[in-house]
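Colleague: Need coordinates for the following:
(chains A and B)
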Amino acid sequence: MKQIIITLCFSIVTMIGNTQEAKKILLLGGYLHVGNGEIMESAAIGIEDGTISFVKNSLAYTYKAEEWDTIIELKGKQIYPGFVAPNSTLGLTEIDAVRATRDFDDVGKFNPHVRSQIAFNVESKVVSTVRTNGVLMCQATPRGGFISGTSSIMALDGWNWEDATISKDDGIHLNWPSSMQGGGWWAQPAPKKPNDKYGERKREIIDFFQMAKAYSNEIDPKTIDLRLEAMKACFNGNKRVYIHANELQEIVDIIEFSTSLDIPFPVIVGGYDAHLVTRQLKDAKIPVMVVRPHSLPENEEDDIDHAYKLPALLKAGGVKFCIQNTGDMEAMNARNLPFLAGTAMAYGLSLEDAISSISLWSCEIMGINKNYGSIEKGKSATLFVSDGNALDMRSNNISLAIIGGNFMSTTNFQTELYHKYSKKYTK
Amino acid sequence: MNNSNLILKRTIVVFLAFISTVTFGQIEPNNGVPDSKVKMYALKNATIMVNPEKTIEQGTLLIQDDEIIKIGTLIKIPNNAVVIDCEGKTIVPSFIELSSSIGIPEAKSTKTGYSPQLDSYKKGAYYWNESIHPEVDANLLYSSPPNVNTSLIQKGFGFALTHQKDGIMQGKGAFVALGASDIHKQLTDWSDTYFYSLNKGKSKQSYPSSQMGSIALLRQAFYDAEWYQNTSDKERNLSLEAIISAMESTQIFYTNDKWEILRSAKIAREFNLNFNYIGSGNEYQIVDDIAALNSTIILPINFPKAYDVTNPYIARQIPLSDLKHWEMAPHNPRILREKGINLCITSEGHKTAKEFWEHVRQMINFGLSESDALNALTLEPAKTIGADDRIGSLDIGKKASLMIYDNNPFTDKAMLLESWSMGERKVHSEVPKHKIAGKYNLIIKDRHLPLTIKGEGNKFSGNISLISKKVSDGISKPDTIKLKTKVILDGNDITIQFSIHDSIWDGSTNLRGKINSNVGLMEGEGMIPTGEWIKWSAIKTEKSKSKKKTDKTVIPFDSMAVSWFPNMAYGFDSIPESQTLVIEHATVWTNEEDGIIENGTVIVKDGKITRCGKGKFSKPKGAIIIDGTGLHVTSGIIDEHSHIAISKGVNEAGQAISAEVSIADVVHSDDINIYRQLAGGVTAAQLLHGSANPIGGQSALIKLKWGYTPEEMLIDNAPKFIKFALGENVKQSNWGDFNRVRFPQTRMGVEQVYYDGFERAKAYRKAKDDFKKGIINEAPRVDLELEVLIEILESKRFVTCHSYIQSEINMLMHVADSMGFRLNTFTHILEGYKLADKMASHGAGASTFSDWWAYKFEVNDAIPYNAKIMSDQGIVVAINSDDAEMGRRLNQEAAKTVKYGGMTEEEAWKTVTLNPAKLLHLDDRMGSLKEDKDADIVIWSANPLSIQAKVLYSIVDGVILYDRENSHELEARNQREKARIIAKMLDSNSLGKKRTFVKKKKGHFHCNTVGEEESLEQNHH
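Modeller: Numbers count the residues shown, from 1 in each chain, chains lettered A, B, ... in the order given. Sure, this is the predicted structure:
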């Protein structure tokens, strides 16, 4: 058996590329952030067939080099579980301004049957720039309508969407009507008014869910209704119901809605006002994918740091949450996810909680924590190594990334252009 | 306005008017003998508000024809006068409305459809732009509309200056006497008044698309008129001729916001004009600046209604600024008057007389004196339009236009009894002579019915108690039924009507009769259900108890209501002043040769840095000492590319070259993002024009002086800048398929726009030189656009160019080289790394994003290593925001240059401080911590590049404008203030006064935002 002992540096990992398929990998000596709040100052991590076979203190661990295909020394480095970008159009869009590249918003009000999985572009140039910052998975999420569609959780590497799929059809995305909604577009904005049609739209949603629930009780429906078929799993717990909402009125209505319809796994996405109802959310066991921390306050008199602080406020209120990134240029900005968590840390989260908020907690909320989200025995070897604190811009330098045991390229077309043009000027 | 001219003009007008009254009023033929007329009226025993200074009690007013000939208390009434007894009544001079469009048709657009309209579609020899139409003359458009006339009269107005409210130069007004019987009498020639605004109105022409464009267009039109006046050989232009006559007339400027008054005042100064301003109601927020203009302000008093705040979920979304304005608005007239500002009041915005008078009484209740209120409604507007020799008071010789009320309308609810217009009397209602409320014994034939009448004035209701026997469970019980009874009083006549259904009558009873209230008796005839014609009488048995009524609609004065600076969340109670500060034991990032100093000291005095370094310094007396142990001190962040604090449009997208517009004209200082960015350590910024055209507009260089005015925010003697742009935005690639009209639509076309612009500028410069040298006799027409292009050619104005693709960047450098100027800064410059060597040799700087890309096709090759590569080639590189959100954490963006390419921390930090200062040519005053530089300083909780860094203090010119701890107090104060005002609103709601809260969309300006509204679209930069 061929033995490679690598002292990590940029070029070597580049050489390995994403074609390397080592069966047994040993990571030695790095500072491990497990993802569940724990750390290990010097870890030994065994990876066999893509699965973590053990996590031990490397100082108390002796190994036989010949038992491993690859042994990687990580002394002085930081090891993190692969970060996850929930609720993202990443892989479904390439250039925001070019309509031909936008594949996230289809026609229709209720589109639970529209699935993101098959549109996910594994070769997206945007994706290639995101994983190099430690974000190794995303929840590819459709947009638009009342129910935008069904998301899937994807690895940011693969030959095609099939082998990039981590969790197929993990949930539907419901855009709760805004309690302050109005019409118009930006050049001719119509004013927003409270309660205008809010009740009516809410009723439409409730009606749809009641219809879907009744359908799901039918054992052998005579005609297949694609929409309602796609809704079935929402009631038996196999699909999450991600409900996008921010305002207080909406959040309390959603709590009532999910309880009365007995939805097993409701999730609030956004939750700008969620800190006001932490007790209710906690009691109802509704987690929150919190609004992008790099957002401006909604209202003039709101706490200037509100979005920075919201994760810590939810933590203090005992609400399960994770950080997501929807908003302006969200696909490209997914690479800044670590710094969103970093900002939340500056405003009250502990370092390990900040890490959990973009790894384990996201996976728990999306129901993939059995295999993903932390570096623990039995889980998928989906992790990365950074020279320093990955949540700080200055030290987020990824020298190694593994998804499901496969080495991933830590370069992208941007690093290539960097080298190409650097050479132009060194001639 | 030229005063002597005006006086001359007025004299002529008076003279002509005199002739017309003594000769023939009417030149039309009469059918038979003309109608007879009363020659003289005497209104006696009245309380007469003669003028704002003088009210007489028990006075008499003599009116002959349309004129007041005598007024006083001891006046002998001539025998030929018709005498009207006004005992207990109040006579008020008719009000004068200056902002009206009664009798004038609405303006219409010339175009439909989406495709851009570049030229004017208006037929005739007029100005090239449809929003400039000073030639529109309301005198030619006016027709008498009886209904609208009446509603103004109900409010107490006898005169109105009416015009077509549309466009930037709106045209000439017509001054009309409301209620006069004949249209020839209505339409006077007493005033020449022209109207302006900064709104383009119904014009669909592409230009102007922003407020700064409106300002530039208005200025250009004034210059054009000047040139037209002084040039002999020219094509005829009726619009310019109208502007020339407007210069000698009264001029009234519409504004939608307090800042627009200051903006138009700047234009007035430039052309030596005297504008009168129609305000918007928030002038109290900058009253000192308004007072300094010495202009007449015409105020609307349609104070905002209370929001419906019964639902707390909705109430919490109402911005504090709206709540505070609701509370302060009724104070506006008083606050302005206290500063000695000449006030007129317009009734605009009131549908009913009731609402209008409520607001009049409210502003008096809030401290405006009754005499000031009367003055603002009568004499001041008359003076404003130069008609105070005829109207505005009831002094002898003035027109007999007045209103008679049953009460003093300024203090109590009053009823309009009569309106007199130019000597013509119209009776609206009469004071009821009888107080009929009470209990009566109504006798009809031989039936006695107890009648109760309720009500007052002319409105009554009544009921009759009928006792019948009701049988239930075999027991008979007496039962009282109240019959609803209609009671109508008309002078001495009373009508009573009711229906009765019992064993005696079954049907309707109608009675009519006369009243003798002295003995409490009514009697007359009527018909009963049997069809009989009978006699009836009613004798009063009991008087009604009179209740003292208080006017609940008036909200009491509240001393808690004060305006903040700015009047919104996080505003200051008073403007903070510059401090003497000593920051010691801190880690000091000097950006100078000393680099980063541990345990350093920074001393600030009089807005400047007086000491910076290691070691011991003597501390100035009275200095505030800040212990910087564990803290980091830096110079303030400078955002080279920002679009905050801009009113109504960041892009003048109407033309490919719009060098004439300037962001500095439209800076406003009540954008909450100023405070938010201070909280992120930003102390100065370049507010750039957008990127919608190859040559955009001029920049504003500001300091983020929260609480100060726009003028104070602008950096003194700042270098001049202008925005250029290349690529997708200027060729309108992402604007939809109907936008394929404006040149250029390709990168090829963009190059030619520049050559064309600069060649025209050169020709213009030559013409100007030739005129100076006497080679040509007449000065060329001032061209605001080309003036700016000449500044660029002569390197007196620097260029910041929005750019992405290397080809076009290269092209523009060739254009500049051939024209002999240097491109100062390429902004965005995402492919700068591909031609950094060429940029360096041209001498251009770069201001870029740290890591943005993928938002449009032309940023496909953007790489985050861009800053590093360019920097390595010797280019001054800044990291900018172009985004209100990112603008408040530029320290994080700077830190990304450490990650991407490995800049040192010291160099990384300079990308948001010293380097932008260099690019803006402000590095002699800002950008580093050095003695004598401006004290723009930020104190951080940690290394500013670290993710943990928070701003503790932001200091601008030595003034602490952000203090993290104090900010939390302000936040709590915001909430208290909100709760206090909402409680007040709830009281108001319970009086039935409320309106639904309409949430404004939260938009922001980006480079590509077109139009006056902020964008909600995805950012395309």
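
Colleague: can you give me the strands in the stretch 1-150 of chain A?
Modeller: Assigned by DSSP state E, counting those that start in this stretch, the stretch 1-150 of chain A shows strands spanning A:4-7, A:24-33, A:39-48, A:51-57, A:70-73, A:78-81, A:83-88, A:135-140, A:147-155.

Colleague: Show me what the third one pairs with in its sheet, parallel or antiparallel.
Modeller: In this case it means strand A:39-48. strand A:24-33 (antiparallel), strand A:51-57 (antiparallel) (DSSP bridges).

Colleague: so of the ones you listed, which one's packed in deepest?
Modeller: strand A:24-33 (a mean of 23; mean count of other CB atoms under 10 Å in any protein chain shown). The C-beta positions use only the backbone N, C-alpha and C, and glycine is treated the same way.

Colleague: model confidence over that strand, on average?
Modeller: Averaged across strand A:24-33, the pLDDT comes to 96.

Colleague: swap in stretch B:883-893?
Modeller: Mean predicted lDDT for stretch B:883-893 stands at 96.

Colleague: Centre of the chain to that stretch, how far?
Modeller: Stretch B:883-893 sits 31 Å away from the centroid of its parent chain (CA atoms, centre = their mean, to the nearest Å).

Colleague: Next: stretch B:56-70.
Modeller: Distance, centroid of stretch B:56-70 to centroid of chain: 40 Å (CA atoms, centre = their mean).

Colleague: what comes up buried for that stretch?
Modeller: For stretch B:56-70, burial by neighbour count (16 or more other CB atoms under 10 Å in any protein chain shown) applies to B:56, B:59-68, B:70.

Colleague: TSV for those, including pLDDT and secondary structure?
Modeller: Shown next, in TSV, are the buried residues of stretch B:56-70 (pLDDT from 0 to 100; DSSP: H, G, I helix; E, B strand; the rest coil):
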residue	pLDDT	secondary structure
B:Ile56	96	strand
B:Gly59	96	strand
B:Thr60	96	strand
B:Leu61	96	strand
B:Leu62	97	strand
B:Ile63	96	strand
B:Gln64	95	strand
B:Asp65	92	coil
B:Asp66	93	coil
B:Glu67	95	strand
B:Ile68	97	strand
B:Lys70	96	strand
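
Colleague: Out of the residues you listed, which is nearest to chain A?
Modeller: Using CB to the nearest CB, B:Asp66 comes nearest to chain A of the buried residues of stretch B:56-70, at 47.6 Å.

Colleague: what sits against the closest one?
Modeller: B:21, B:399-400, B:422-424 (CB atoms under 8 Å, 6 or more residues apart in numbering or on different chains).

Colleague: And B:Ala538, by the same measure?
Modeller: Contacts of B:Ala538 by CB under 8 Å, 6+ apart are B:440-443, B:451, B:496, B:521-523.

Colleague: List only buried entries from these.
Modeller: B:440, B:442, B:451, B:496, B:522-523.

Colleague: Among the residues you listed, which are located in strands?
Modeller: Using DSSP state E, the members of those that fall in strands are B:440, B:442, B:451, B:496, B:522-523.

Colleague: how about the residues you listed, which pair is most distant?
Modeller: Among these, the pair separated by the greatest distance (CB to CB) is B:Leu451 and B:Glu523, at 13.3 Å.

Colleague: right, and the strands of the stretch 1-150 of chain A - which one's nearest A:Asn333?
Modeller: Of all the strands of the stretch 1-150 of chain A, strand A:83-88 comes closest under CB to CB, at 9.2 Å.

Colleague: Direction included, what does the closest one pair up with?
Modeller: strand A:135-140 (parallel).

Colleague: Quick one: residues in contact with the partner strand.
Modeller: With CB under 8 Å, 6+ apart, strand A:135-140 has contacts from A:82-92, A:116-117, A:119-120, A:130, A:151-157, A:166, A:170, A:334-335, A:337-338, A:358, A:366, A:372, A:382-384, A:401, A:403, A:408.

Colleague: And B:Thr509, what's its pLDDT?
Modeller: 89.

Colleague: Does it touch B:Ile500 like I think?
Modeller: Yes: look at B:Thr509 against B:Ile500 with CB atoms under 8 Å: they come within range, at 6.3 Å.

Colleague: Who has more neighbours out of those two?
Modeller: B:Thr509 (24 against 20; other CB atoms under 10 Å in any protein chain shown).

Colleague: Any quick PyMOL command for the buried ones out of the contacts of B:Asp66?
Modeller: A single PyMOL command selects the buried members of these (16+ other CB under 10 Å):
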select buried, chain B and resi 399+400+422+423+424
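
Colleague: which one among the contacts of B:Asp66 gets closest to B:Ala844?
Modeller: B:Ala844 lies nearest to B:Lys399 out of the contacts of B:Asp66, by CB to CB, at 69.2 Å.

Colleague: For the closest one, give the beta-bridge partners.
Modeller: B:Lys399 has these beta-bridge partners by DSSP bridges: B:Glu67.

Colleague: Relative to chain A, how far out is it?
Modeller: 44 Å (CB to the nearest CB, to the nearest Å).

Colleague: Quick one, grab the pLDDT at that residue.
Modeller: The model's pLDDT for B:Lys399 equals 97.

Colleague: What residues does the nearest residue to A:Ala346 once chain neighbours are set aside make contact with?
Modeller: Leaving aside its chain neighbours, A:Ala346 sits nearest to B:Gln948 (4.8 Å; criterion: CB to CB, 6 or more residues apart in numbering or on different chains). Counting by CB under 8 Å, 6+ apart, B:Gln948 touches A:345-346, A:392, B:941-942.

Colleague: Of these, which is the most crowded?
Modeller: Sorting the contacts of B:Gln948 by how many neighbours each has (other CB under 10 Å) puts A:Met345 first, at 26 neighbours.

Colleague: What helices and strands are in contact with the helix or strand encompassing that one?
Modeller: Assigned by DSSP states H and E, A:Met345 belongs to helix A:337-346. For helix A:337-346, the packing partners by 3 or more CB pairs under 8 Å, 6 or more residues apart in numbering or on different chains; DSSP states H and E come out as strand A:83-88, helix A:306-316, strand A:321-323, helix A:351-356.

Colleague: Mind checking if the last one is in reach of chain B?
Modeller: Read that as helix A:351-356. No: judged by CB under 8 Å from any CB of the partner chain, helix A:351-356 makes no contact with chain B; its nearest approach is 9.4 Å.

Colleague: Pull that helix out as PDB, backbone CA atoms only.
Modeller: Output in PDB follows, covering the C-alpha atoms of helix A:351-356 (Å, rounded to 0.1, in the frame of the first residue of the first chain):
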ATOM      1  CA  LEU A 351     -16.900  31.100  18.900                       C
ATOM      2  CA  GLU A 352     -18.100  27.500  19.000                       C
ATOM      3  CA  ASP A 353     -21.800  28.500  18.900                       C
ATOM      4  CA  ALA A 354     -21.000  30.700  15.900                       C
ATOM      5  CA  ILE A 355     -19.500  27.700  14.200                       C
ATOM      6  CA  SER A 356     -22.500  25.500  15.100                       C
END
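
Colleague: Now the very next helix or strand once past it: average pLDDT?
Modeller: Sequence order places helix A:360-366 as the next helix or strand after helix A:351-356, per DSSP H and E. Mean pLDDT, helix A:360-366: 98.

Colleague: name the helices or strands packed onto helix A:360-366?
Modeller: Using 3+ CB pairs under 8 Å, 6+ apart: helix A:360-366 touches strand A:83-88, strand A:165-175, strand A:321-323.

Colleague: one step back: determine which two of the contacts of B:Gln948 are furthest apart.
Modeller: Top of the distance list for the contacts of B:Gln948 (CB to CB): A:Asp392 and B:Ser941, 14.6 Å.
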